[in-house]
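Novice: Just to be clear, the model below is a prediction. Sequence and coordinates:
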Amino acid sequence: MINIVLPVDFSDATDRLIEGAVKFAQETNGKICLIHVAPSDIGFAIGDMGFQYFPEVEQNEIKEELLRLNNIEQRIIAQDVDCEHLLKQGIAGDIILEYAEQKKAGYIVMGSHGRSGIYDVFVGSLTKELTRRSTIPVLVIPIH
């Protein structure tokens, strides 16, 4: 069975990305290793007193993101595809590549939605970074 790392960011394109990854997993008898990388600074805010940390904000956000990951995992499993999930905080590119290595993944599946620059509009900055740095194939699914 091939492990397929699927990073999700809960954007509007996530559902389309999941559809493509599930189809790929079904065709290759793959297992989806779902990952969401949350920023390290979730609980920080800037106010009149400078930077302040609110641990309850971070805890609530992490709980919400874990719930969303669990829901996605259940949707994938309901389509007869093995799936597991992980949420980590840190720098997305580094965390995703470490996870892919840990899982001995055969593929990383990314979306092609982007926000800036002509290349990034078609590919996406994180996708661009991973295709440049990854030692395993990165399957890019168009999300338009």
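Specialist: Done, it's in.

Novice: from here on, contacts and neighbour counts on C-alpha atoms
Specialist: Noted.

Novice: What residues of stretch 78-95 count as buried?
Specialist: By 16 or more other CA atoms under 10 Å, the buried positions in stretch 78-95 come out as 81-85, 88, 92-93, 95.

Novice: what about the top strand by length along the chain, average pLDDT?
Specialist: Across the chain, the longest stretch assigned as strand under DSSP state E is strand 30-38. For strand 30-38, mean pLDDT is 95.

Novice: Residue 140 - how many residues pack around it?
Specialist: Number of residues near residue 140 (other CA atoms under 10 Å) recorded here: 20.

Novice: Check residue 111 too.
Specialist: Neighbours of residue 111 using other CA under 10 Å come to 26.

Novice: got the contact list for stretch 132-144?
Specialist: Contacts of stretch 132-144 with the rest of the structure, by CA atoms under 8 Å, 6 or more residues apart in numbering, involve 13, 16-17, 20, 97, 105-113, 123, 127, 130-131.
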